[in-house]
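Asker: no sequence for this one, just the structure:
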C-alpha cells in the first residue's frame, strides 16, 4: 500500500482480472461526436417535435417549455409515466397496461434480455445493440444473415430457432441499416413457430407505409413491439416504449429502474404528443425528402441506393472509405457502414437544404 500526495494506492489489485470475461471481450458502442456543418449520420429528425404557437418559433416555444419545466426538478418524476402512456395508448389504440416506458428503447432491450435471458437471435446486419447488450449480460447471441435482398432468410431463421431455441428473437422492421421492411409473411412465420418472444422493433415505422404489428399483440401472446420518439424529433429526450400483453409488461417492469424517464423528458414528450399535427407534418416532409434523395442517388453513376421505409437511405459506392472521408473533409457527416461490407454508406434524411448540400458535395467527391 502506497500513500502519496494524499492519495491511497493498492498496487496489488489487477482491475482487468476483476472484470467478467464477456465484458473484457466487448467493444463499447461508438457514438462519437464529430464536428461538422451538415450532420446526417445518426438517423435523427432534422426538425424539433415541439410545435410552435402563434407568434413564436419552435426554438422560442422550446425555451419557454424548458423554463417552465425547470420548476418541477425538485420532485421525482411520475414513476409510471402515466400521461405519456395514456397518450401513446390512445394513438396506438391499445390500453395503457399494454405499454411500458423506457429510457430510450435501448433500456427496454436491456430489460427484456435481463428478464428472459438467451439465447438471443436476430438477423444481420441489423441494430447493433441487440448483440452488444446480449454479450454485456453474458447471454448467447445468434446472428443469421439476411438474404441478398436484405429480407429475412426465413428458412435459416426457422432452422436457427429449432436448433438454438432462442428465448428472444429481435426483428428490426424497418431495418437499420438497410432501411427496408421485412416481408410480413416471413415475420408471421417466425412469430408462429417461435417458442420464445419475438420483438418487432418499429423504431422507424412512422416513415413506412407498411402496416404496424401493434394490432397483432392481441392475437400472439409472444409478440412484443418496440417504439421510440427518438426518430421523430425527440432524440434528446430518450423516450422509448414497448407494447405487448400485460403479463410480459408486469415481468419486465420488475427490473425497470425507478424513475427511469426523467421529469423534463416526460413533460416535453407529453406536450409533443398532445399536438401530433406538427410531428406528422415533419414526418411527411422527411418522407418527401427521402423520395427525392433516392431519385437523385439513383441517377448518379457509381452509386447504388437501396429502397427505404425509414428516415435514411442505405447505399453502395466503389470506395466507401474514400467517399466517406471526402464528404467529411467538406463538412458533411454520414455513416460509414464498412462493418457491413466494402463500400456501404448510410445517409440520414435532412432538411431540403441539407439534402441538397449532401448531393452536391457527393457529386464533387465522386
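Answerer: Noted; the coordinates are in hand. Because the structure is predicted, anything quoted here is derived from the model rather than measured.

Asker: if we ignore the residues flanking it in sequence, what's nearest residue 86?
Answerer: Take residue 86 and drop its neighbours on the chain: the residue closest to it by C-beta to C-beta, 6 or more residues apart in numbering is residue 96, 5.4 Å away. For every residue, glycine as well, the C-beta is placed using N, CA and C.

Asker: likewise for residue 334?
Answerer: In space, residue 334 is closest to residue 347, 4.5 Å off (C-beta to C-beta, 6+ apart).

Asker: the residue nearest to residue 86 and residue 85, how far apart?
Answerer: 5 Å (C-beta to C-beta, to the nearest Å).

Asker: re the thing from before, the residue nearest to residue 334 - that's part of a strand, no?
Answerer: Yes: counting by DSSP: H, G, I helix; E, B strand; the rest coil, one finds residue 347 located in a strand.

Asker: OK, contacts around it?
Answerer: 40-41, 293, 312-313, 315, 334-335, 358 (C-beta atoms under 8 Å, 6 or more residues apart in numbering).

Asker: inside strands: which ones of those?
Answerer: With DSSP state E as the criterion, strands contain 312-313, 315, 335 from among those.

Asker: residue 200 - that's part of a strand, no?
Answerer: Yes: per three-state DSSP, residue 200 lies within a strand segment.

Asker: check which residues of the helix ranked longest in the chain are buried.
Answerer: Secondary structure of the chain per DSSP state H: the longest helix is helix 276-298. Using 16 or more other C-beta atoms under 10 Å as the test for burial, helix 276-298 gives 278-279, 282-283, 285-287, 289-290, 293-294, 296-297.

Asker: could you do stretch 318-338 as well?
Answerer: Neighbour-count burial for stretch 318-338, counted by 16+ other C-beta under 10 Å, picks out 320, 323-324, 326-328, 330, 332-337.

Asker: equivalent analysis for stretch 193-201, please.
Answerer: Of the residues in stretch 193-201, those buried by neighbour count under the rule 16+ other C-beta under 10 Å are 194, 196-201.

Asker: with distance to residue 161 and pLDDT added, can I get those residues in TSV?
Answerer: As requested, the buried residues of stretch 193-201 are exported to TSV (distance: C-beta to C-beta, whole Å; pLDDT from 0 to 100):
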residue	distance to residue 161	pLDDT
194	6	96
196	8	96
197	12	97
198	10	98
199	14	98
200	15	98
201	18	98
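
Asker: distance to residue 220 for the residues you listed - can I get that in TSV?
Answerer: Formatted as TSV, the buried residues of stretch 193-201 follow (distance: C-beta to C-beta, whole Å):
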residue	distance to residue 220
194	10
196	12
197	10
198	8
199	12
200	10
201	16
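
Asker: nearest to residue 162, of those?
Answerer: residue 194 (10.0 Å; C-beta to C-beta).

Asker: contacting residues around the host helix or strand of residue 115?
Answerer: Assigned by DSSP states H and E, residue 115 falls within helix 104-116. Residues from elsewhere that reach helix 104-116 (C-beta under 8 Å, 6+ apart): 100, 102, 120, 129-130, 133-134, 137, 139, 167-168, 170, 196-197, 199, 201, 203, 224, 226-228, 230, 238-242, 251-252, 254-256, 260.

Asker: just the buried residues of those residues.
Answerer: 100, 102, 120, 129-130, 133-134, 137, 139, 167-168, 170, 196-197, 199, 201, 203, 224, 226-228, 230, 238-242, 252, 256, 260.

Asker: residues of stretch 173-191 that come out buried?
Answerer: So stretch 173-191, judged by 16+ other C-beta under 10 Å, has buried residues 173-182, 186-191.

Asker: likewise stretch 135-153?
Answerer: Quick answer for stretch 135-153 (16+ other C-beta under 10 Å): 135-137, 139, 141-144, 146, 150-153.

Asker: helices - which of those residues land there?
Answerer: Per DSSP H, these map to helices at 135-136.

Asker: just the buried residues of stretch 135-153 now: which is nearest residue 264?
Answerer: Out of these, the member with the shortest distance to residue 264 (by C-beta to C-beta) is residue 136, at 27.4 Å.

Asker: of the buried residues of stretch 173-191, which belong to helices?
Answerer: 186-191.

Asker: one step back: could you point out the helix or strand that follows the helix holding residue 115?
Answerer: Where DSSP H and E defines the elements, the next helix or strand beyond helix 104-116 is strand 120-124.

Asker: that next one - contacts with which helices or strands?
Answerer: helix 129-136, strand 141-145, helix 154-164, strand 168-172 (3 or more C-beta pairs under 8 Å, 6 or more residues apart in numbering; DSSP states H and E).
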